[in-house]
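S.K.: show me the folded form of this:
(2 chains)
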Amino acid sequence: MTVTEFTAIVGGGALLAGFLGSLTGLGGGVVIVPLLTIGLGVDIRYAIGASLVSVIATSSGAAAAYVREGYSNIRAGMFLEVATSAGALSGAFVATLLAPKVIAVIFGGVLVYSAYLSFKKAGEDPADTGPPDRIAAWLGLDGSYPGRSGLISYRVHNVPGGFLLMGVAGVLSGLLGIGSGALKVIAMDRFMRLPFKVSTTTSNFMIGVTAAASAGVYLGRGYVDPGIAMPVMLGVLAGAFLGAHILAAARSHWLRLAFSLVIFALGIQMIYNGLTGRI
Amino acid sequence: MTPSEEHRLEVMVANLLRVGVVLAAALVGFGGVLYLARHGHDAGAYRTFRGEPAALRTLSGVFRDAVALRGRGVIQLGLLLLIATPVARVAFSAYAFTHLRDAKYVVITLIVLGLLLFSLFGTH
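M.R.: As a prediction, this is how the structure comes out:
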């Protein structure tokens, strides 16, 4: 295969990755890594470098639209970034306690189970019940987002639980070199009970920061190859712009279904990588 | 903070992300053209991991290669700009929250910025 052919194939796959990643808040590594490793036989370390690049490109590319249109909750995002950044830093320490392989298999199992839960729950967002959360109010996290007929207000719940799970998401990304959008969406959707579109777009807003920290380190180790990262970045960015463009029209129901399928695939991938020692 | 101020903050954050990502894409695209013009017909070799040469792993090396208009160096410079974009977003937010006199969020964003810079520069 010539470099030009390789560039075209990777660019096409990256377009799909950016599209799916921007709509589900997952970033796109779930498409990039298997395409490069299984499809094109690229070494896993180059694939991890490319995957981090794809996460940052998806995040920043789509976030520009999501933030401006008022989908992402930037206060919640910034507050929860404290947990993900601290978690990512302690990832290296956690690696001395548990082998990354074992963690990948456990994480994969959690994702497959979450995919099942999310699939079962697939429907529109439930009505918000219960009293306002004191911590959420103190941090000014409650917000609103554009719905089909005007702005829809929502409240944020269980801030400590969400914060804790975000810390775990950070540890995993530090450890496995992923953006860990899946756990971020789950933390906001299931624990903090944010509307699904707010959860995915806020995750999308956050994953760029998580991935940037790792990407700098991996670039320094020589994992980021310009020949691979170039089509990945350009393809993903085009896909993310497309995804951000159709989010407003997309129904939460379909987004949730797409999310379930993608995290199911990601879970299987993690278990496979863990069992075959590719982590 | 009033809703309109909140919205102004959102628009500024969105613009910063857009400018960062568009500039990075322009560099990567330009570098990609140079790279493909020179190496488009070579056989790709990514099956074995060799690691990138120092010129593509360090800030100074990337700058030198990019200024010399080597395709891979220009791409790598674009990627560095891409990586810097979320970091700049956090730094800008800290500044913006100072302007809005929102002490809680100034502290929160500064903590994130500190952790981010530490993991980028402090651990190796």
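
S.K.: the closest residue to B:Val106 other than its chain neighbours: neighbour count?
M.R.: In this structure, B:Val106 finds its nearest non-sequential neighbour in B:Phe97, 4.6 Å apart by C-beta to C-beta, 6 or more residues apart in numbering or on different chains. No exception for glycine: its C-beta is placed from N, CA and C like everyone else's. Counted by other C-beta atoms under 10 Å in any protein chain shown, the residues lying close to B:Phe97 total 22.

S.K.: report pLDDT for B:Phe97.
M.R.: Looking at B:Phe97, its pLDDT stands at 92.

S.K.: can you check A:Asp128 too?
M.R.: A:Asp128 carries a pLDDT score of 64 in this model.

S.K.: show me what the lowest-mean-pLDDT helix or strand in chain B is packed against.
M.R.: Lowest by mean pLDDT, DSSP states H and E among the helices and strands of chain B is helix B:59-67, with a mean of 88. In terms of contacts (3 or more C-beta pairs under 8 Å, 6 or more residues apart in numbering or on different chains; DSSP states H and E), helix B:59-67 is packed against helix B:71-99.

S.K.: quick check: what element follows the helix it packs on along the chain?
M.R.: Counting by DSSP states H and E, the next helix or strand C-terminal to helix B:71-99 is helix B:103-117.

S.K.: which residues touch the least confident helix or strand of chain B?
M.R.: Identification of contacts with helix B:59-67 by C-beta atoms under 8 Å, 6 or more residues apart in numbering or on different chains yields B:27, B:31, B:53-56, B:72-74, B:76-77, B:80.

S.K.: tell me, which of those make contact with chain A?
M.R.: With C-beta under 8 Å from any C-beta of the partner chain as the criterion, the contacts of helix B:59-67 include B:31, B:53, B:56, B:72-73, B:76, B:80 near chain A.

S.K.: what's the spacing between A:Thr200 and chain B?
M.R.: According to C-beta to the nearest C-beta, to the nearest Å, A:Thr200 stands 17 Å off from chain B.

S.K.: isn't that residue up against A:Ala187?
M.R.: No: A:Thr200 is beyond contact range of A:Ala187, at 12.0 Å (criterion: C-beta atoms under 8 Å).

S.K.: quick one, which of the two is more surrounded?
M.R.: Using other C-beta under 10 Å, the more surrounded residue of A:Thr200 and A:Ala187 is A:Thr200, with 32 against 26.

S.K.: how about that one, secondary structure?
M.R.: helix (DSSP: H, G, I helix; E, B strand; the rest coil).

S.K.: give the closest residue to it in space, chain neighbours not counted.
M.R.: Once flanking residues are discounted, A:Thr200 sits nearest to A:Gly25: 3.3 Å by C-beta to C-beta, 6+ apart.

S.K.: of the ones next to chain A among the contacts of helix B:59-67, closest to chain A?
M.R.: Comparing those against chain A with C-beta to the nearest C-beta places B:Arg72 closest, at 4.2 Å.

S.K.: tell me how many other residues crowd that closest one.
M.R.: Around B:Arg72 there are 25 residues (other C-beta under 10 Å).

S.K.: list the contacts for residue 13?
M.R.: The chain I'm using is chain A. Neighbours of A:Gly13 in contact, by C-beta under 8 Å, 6+ apart: A:31-32, A:35, A:39, A:235.

S.K.: switch to chain B, please.
M.R.: A:67, A:74, B:89, B:92-93, B:96 are the contacts of B:Val13 under C-beta under 8 Å, 6+ apart.

S.K.: that one: which element?
M.R.: helix B:3-39.

S.K.: buried residues, that helix. List them.
M.R.: Judged by neighbour count (16 or more other C-beta atoms under 10 Å in any protein chain shown), helix B:3-39 contains these buried residues: B:6, B:9-10, B:12-14, B:16-18, B:20-21, B:24-25, B:27-32, B:34-36, B:39.
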